[in-house]
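Student: heads up, no residue letters with this:
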């Protein structure tokens, strides 16, 4: 019974989730790029070690990429 063609409601849900994943992925990855380029753009967050800024930027880019990939695959029910 589960091999039936997806109905209109399911297709709408998948489309909504994919758009949400694309949008959030781009936004989160954009924050990562912003934190990487912040000193060159004239923003200063703290006088401490920049390791945490690079670490957080890397995590943002990694998670944003994952969200974009998940939106591309559209594998929500498997």
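Tutor: That came in fine, so what should we check first? In this text, all values refer to a predicted model and were calculated from it rather than measured experimentally.

Student: helices along the chain, start to end?
Tutor: Counting by DSSP state H, the segments of the chain that form helices are 8-41, 51-73.

Student: CSV please, covering the ones you listed and showing mean pLDDT.
Tutor: Supplementary listing: the helices of the chain in CSV, determined by pLDDT from 0 to 100:
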stretch, mean pLDDT
helix 8-41, 93
helix 51-73, 94
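
Student: please tabulate those in TSV, including the columns mean neighbour count.
Tutor: C-beta: built from backbone N, CA, C; applies to glycine. Below are the helices of the chain laid out as TSV (neighbours: other CB atoms under 10 Å):
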stretch	mean neighbour count
helix 8-41	14
helix 51-73	15
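
Student: ok, residue 50 - contacts?
Tutor: For residue 50, the contact set (CB atoms under 8 Å, 6 or more residues apart in numbering) comprises residue 39.

Student: oh, I was asking about residue 69
Tutor: residue 25.

Student: that one and residue 37, how far apart?
Tutor: Here residue 69 is placed at a distance of 23 Å from residue 37 (CB to CB, to the nearest Å).

Student: ends of stretch 39-58, what's the gap?
Tutor: This stretch, stretch 39-58, spans 16 Å end to end (CA to CA, to the nearest Å).

Student: gap between it and the chain center?
Tutor: Taking CA atoms, centre = their mean, to the nearest Å, the mean C-alpha location of stretch 39-58 is offset from the chain mean by 20 Å.

Student: also stretch 15-26?
Tutor: 8 Å.

Student: can you check stretch 45-59 too?
Tutor: For stretch 45-59, the distance to the chain centre is 19 Å (CA atoms, centre = their mean).

Student: same question for stretch 31-51.
Tutor: That offset, for stretch 31-51, works out to 20 Å (CA atoms, centre = their mean).

Student: quote the end-to-end distance of it.
Tutor: For stretch 31-51, the first-to-last residue distance is 16 Å (CA to CA).
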